[in-house]
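>>> what follows is a predicted structure for the sequence shown.
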Protein chains: 2
Amino acid sequence: MKKFVNDPRQFVPEMLTGIQLASDGALKYEPKYNLLYRADMPRDDKVSIIQGSGSGHEPAHVMAVGPGMLDAACPGDVFAAPPSDYVYETSKLLASDKGILHIINNYTGDRLAFDMGRELAEAEGLKIGTVIVDDDVAVKDSTYTVGRRGVAGNFFVIKALGAASADGAELDDLVALGNRVNSVTRSMGMALTSCIPPAKGSPLFELGDDEVEMGVGIHGEPGRRREKIRSADEMIDDLLEAVVTDLPYSSGDEVAVMVNGLGGTPITKLYVIYAKAHELAEKAGLKVVRNYVGEYCTSLEMAGCSLTLIKLDDELKELFAAPAEIAARIF
Amino acid sequence: MKKFVNDPRQFVPEMLTGIQLASDGALKYEPKYNLLYRADMPRDDKVSIIQGSGSGHEPAHVMAVGPGMLDAACPGDVFAAPPSDYVYETSKLLASDKGILHIINNYTGDRLAFDMGRELAEAEGLKIGTVIVDDDVAVKDSTYTVGRRGVAGNFFVIKALGAASADGAELDDLVALGNRVNSVTRSMGMALTSCIPPAKGSPLFELGDDEVEMGVGIHGEPGRRREKIRSADEMIDDLLEAVVTDLPYSSGDEVAVMVNGLGGTPITKLYVIYAKAHELAEKAGLKVVRNYVGEYCTSLEMAGCSLTLIKLDDELKELFAAPAEIAARIF
């Protein structure tokens, strides 16, 4: 597959340089730790919100740094957790009297890196809280996790915490809010094709020409089942059913619906999928009060999508409506 | 290539349905004419701004309908101009005392459809102005054009006209403004791969595994030359050189830079490309005061990108900073 390439080993630094340059001074880039952070942070009147994860999921999370969202992101290499010293150094650099909040998608590698980074930082007196995101209903335990995986629903956690922290919320309240958002958020994805990690140079898994993977993970991890490809409407029906019945969401609930592209599916198809998801959600009695259609959390060039639902209340609706300024204009 | 499909013939209507549903009542959809338009338009105190073109270039233009941008879009099938009666009916439906403005990318098929649609509408007393966009410097005349092609720079025309019309500008002033924006806008694109129009089912053109098409059109039309693939930085240097020397842009000019993905190139690579484009533009003495990185005008799933520059003045800077609310959150 032909791609735009300079030195493949420099891909993450070059991308971060581009995001920093495009920010017109709003972001700073610290190459030593793959660290992208708001130029106006840290501030002692605001909790610093940090997310780190493997690269290859963009816009998550490096393009979600900015007012109203993350204060910093410290990505690792493609599909690799950030080293724990990146987490440690990032936390030190973003130190605030009000504390630091780590948002972590539930993968064993990320949790290890953040646990160690947190310990090192706390030993120096930093106050740190942690929110774990595990919104993926597809499988309990999985290739890289104990428990459920964290996927695109993570953006709902970031959005709520970014807005609340901008309003001056305290660290403990943010941890409680993050856990609450995660507890009412559910996702499931599906893949039409695999993706090709640059370091591997070949597809991560094999899918037949007429097959799809229902419940796929964002690193190509197996899902619930492999099956024959069907019409878009039928497959989306299955995704929505799996998500709705898990919480479960109930008739009368106000929800936001996210249709997330996994990297190789164009925006046009995501709107075709949204049309069906919206119709089915309303048929189930849910009231769709917000929607998000586009790429949020991708898996390199994987063709596929995920569906995320969140149950909203008045507080969350207000937080979701707050402004945000990030490279990926997705909120 | 595996895709999300229901009935392939229903792709455009299904996509438009999705965009309408996601708009939460802000947009209306009229299936008879592939017409998507603002629910709060027409209004007699605002010129109605309409764009039509082939589908397959999304977010152009169906995802650019909303306050501050287009008032209506009437797309044709994939890579096919809208029928002239769609243009006519759309113009009638959007009739305003202040007039109607047609924005047309310079392709023979689109110009014919809009000329006929305009004649029919004028015969019924409608007041219509036209702005032709032809920002592509790659070739003079081409497969589907007399004169230069209109490509992603078209979004700069829409943005300026959308903002000015929201402020109550008159039709004649909008035509003059549109022509002025087009006159200081230049683009050129390049393809790493072809695209596969659904009706054809096979690649539109053949490119060797080690080849790229410099100056490619958004329907796969030939560009300036076919050459061996090189590093991203070297190829972007060539694109920028072609664009900068055409106007020419001069040292000291304030510019906006757009890096547009053609459909199959991820946002990560577009930021890698932006990093180089920004560096080269500043080296040439240009002052980059705004930037746009993402997908604006695509060519189905073609891997590739285009670069667009516009020379800004105080009036244009103000118009570009005005708010816009559209499905593609790109402004």
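Now that the structure is in, tell me what you want to look at.

>>> which residue, other than its chain neighbours, is closest to A:Asp237?
Counting by CB to CB, 6 or more residues apart in numbering or on different chains, A:Asp237 lies nearest to A:Leu280, which is 6.1 Å off, once chain neighbours are set aside. (Each C-beta comes from the backbone N, C-alpha and C, glycine too.)

>>> okay, and that neighbour sits in which element?
helix A:267-283 (DSSP states H and E).

>>> which positions within that helix qualify as buried?
A:267-281 (16 or more other CB atoms under 10 Å in any protein chain shown).

>>> where does A:Leu174 land in three-state SS?
helix (DSSP: H, G, I helix; E, B strand; the rest coil).

>>> can you name the residues that contact it?
A:Val47, A:Ile49, A:Leu101, A:Gly129, A:Val131, A:Leu161, A:Ala164, A:Ser165 (CB atoms under 8 Å, 6 or more residues apart in numbering or on different chains).

>>> out of these, who's nearest A:Asp172?
Comparing these against A:Asp172 with CB to CB picks out A:Gly129 as the nearest, at 7.0 Å.

>>> for the stretch 201-331 of chain A, which segments count as helices?
A:232-244, A:267-283, A:314-321 (DSSP state H, counting those that start in this stretch).

>>> mind listing what's buried in the last one?
Going back to what we said before, that points to helix A:314-321. Across helix A:314-321, burial judged by 16+ other CB under 10 Å covers A:Leu316, A:Leu319, A:Phe320.

>>> chain center to the helix holding A:Leu280, what's the gap?
21 Å (CA atoms, centre = their mean, to the nearest Å).

>>> can you tell me the average pLDDT over that helix?
Mean pLDDT, computed over helix A:267-283, is 97.

>>> and if you look at stretch A:292-302?
Average pLDDT, stretch A:292-302: 95.

>>> if we can go back for a sec, closest to A:Val181 among the buried residues of helix A:314-321?
Once CB to CB is applied, the member of these that ends up nearest A:Val181 is A:Leu316, at 6.9 Å.

>>> do you know how far that closest one is from A:Val157?
11 Å (CB to CB, to the nearest Å).

>>> shared neighbours, the two?
Common contacts of A:Leu316 and A:Val157 (CB under 8 Å, 6+ apart): A:Val181.

>>> pretty sure A:Thr90 contacts A:Gly52?
Yes - using CB atoms under 8 Å, A:Thr90 is in contact with A:Gly52, at 7.1 Å.

>>> common neighbours of these two, please.
Contacts common to A:Thr90 and A:Gly52, judged by CB under 8 Å, 6+ apart, are A:Cys74.

>>> just to revisit the earlier point, looking at the contacts of A:Leu174, which are in strands?
A:Ile49, A:Leu101, A:Gly129, A:Val131 (DSSP state E).

>>> I'd guessed A:Gly223 sits against A:Val212; true?
No - assessed by CB under 8 Å, A:Gly223 is found out of contact with A:Val212, at 9.4 Å.

>>> shared neighbours, the two?
By CB under 8 Å, 6+ apart, the residues touching both A:Gly223 and A:Val212 are A:Met190, A:Ala191.

>>> for the buried residues of helix A:267-283, which one is nearest B:Glu295?
Among the buried residues of helix A:267-283, and counting by CB to CB, the member closest to B:Glu295 is A:Ile267, at 6.9 Å.

>>> where's the closest one relative to B:Ala327, distance?
Taking CB to CB, one finds A:Ile267 at 9 Å from B:Ala327.

>>> likewise A:Thr130?
Applying CB to CB to A:Thr130 and B:Ala327 gives a distance of 36 Å.

>>> with A:Asp40 instead?
A:Asp40 is 31 Å from B:Ala327, by CB to CB.

>>> now do A:Asp71
29 Å.

>>> and whatever residue of the stretch 51-200 of chain A ends up closest to chain B, what is it in contact with?
Minimum separation of the stretch 51-200 of chain A from chain B (CB to the nearest CB) falls at A:Leu192, amounting to 4.2 Å. Taking CB under 8 Å, 6+ apart, we find A:Leu192 in contact with A:Leu207, A:Val212, A:Ile229, A:Gly264, A:Thr265, A:Ala303, A:Gly304, B:Lys2, B:Lys3, B:Phe4.
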